[in-house]
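Asks: here's a sequence, model it:
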Amino acid sequence: MTFDDVRKFALTWPEVEDGTSYGTPALKVRKKMLARLKEDGDSLVMPDVPIDERAMLVESQPKIFYFTDHYADYPIVLIRLSKAKRAIVETLLRRRWRVLASKAARADYDARANA
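Replies: Okay, the predicted model is just below:
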């Protein structure tokens, strides 16, 4: 999987748009970062992953999930896109999208998904 793959599915969700963050490509919802590509070109910086959940992800799937010292104190996990499956990435992204998206956008998405 690549960042372009992530872009393709995430940009179909309401209020998601392309942007940049720290000089790298990013996806944003209402001007807030959904996720961004790390400088290595392969890792997705995924915010809003509680530290205890991150620990479980890293321990259970260390080839996919990791974090650096820089992110140790923040609820962020790094995802190696080249090793990840869409289902894993999409689940985490959609959860964050639901936090950032407006109530109307979530309702619209849910109505289309359940149609």
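Asks: for G41, see how far away the residue nearest the centre of the chain is.
Replies: Averaging the C-alpha coordinates of the chain gives a centre point, and the residue nearest to it by CA atoms, centre = their mean is L93 (3.8 Å). Remark: distance between L93 and G41 (CB to CB, to the nearest Å) = 18 Å. Backbone N, C-alpha and C define where each C-beta goes, glycine included.
Asks: quick revisit: thought the residue nearest to the centre of the chain was touching R36?
Replies: No. The pair formed by L93 and R36 falls short of the contact definition of CB atoms under 8 Å, at 11.6 Å.
Asks: which residues are common contacts for the two?
Replies: Both L93 and R36 are contacted by L27, under the criterion CB atoms under 8 Å, 6 or more residues apart in numbering.
Asks: residues contacting stretch 93-110, please?
Replies: The set of residues that contact stretch 93-110 without belonging to it, under CB under 8 Å, 6+ apart, is 6, 10, 13-16, 27, 29-30, 32, 34-35, 46-48.
Asks: go again using 7 Å as the cut-off
Replies: When contacts are taken as CB atoms under 7 Å, 6 or more residues apart in numbering, the neighbours of stretch 93-110 outside the stretch itself are 10, 13-16, 29-30, 32, 34-35, 47-48.
Asks: export the top helix by length along the chain to PDB, keeping only CA atoms.
Replies: Longest among the helix segments of the chain by residue count, using DSSP state H, is helix 86-100. What follows is helix 86-100 as a C-alpha-only set of coordinates in PDB (Å, rounded to 0.1, in the frame of the first residue of the first chain):
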ATOM      1  CA  ARG A  86      -5.900  -1.500   3.500                       C
ATOM      2  CA  ALA A  87      -8.400  -2.900   6.100                       C
ATOM      3  CA  ILE A  88      -6.000  -2.000   8.900                       C
ATOM      4  CA  VAL A  89      -5.200   1.500   7.700                       C
ATOM      5  CA  GLU A  90      -8.800   2.300   6.700                       C
ATOM      6  CA  THR A  91     -10.200   1.300  10.100                       C
ATOM      7  CA  LEU A  92      -7.800   3.600  12.000                       C
ATOM      8  CA  LEU A  93      -8.300   6.400   9.500                       C
ATOM      9  CA  ARG A  94     -12.100   6.200   9.500                       C
ATOM     10  CA  ARG A  95     -12.100   6.300  13.300                       C
ATOM     11  CA  ARG A  96     -10.100   9.500  13.300                       C
ATOM     12  CA  TRP A  97     -12.200  10.900  10.400                       C
ATOM     13  CA  ARG A  98     -15.400  10.400  12.500                       C
ATOM     14  CA  VAL A  99     -13.800  12.500  15.300                       C
ATOM     15  CA  LEU A 100     -12.900  15.400  12.900                       C
END
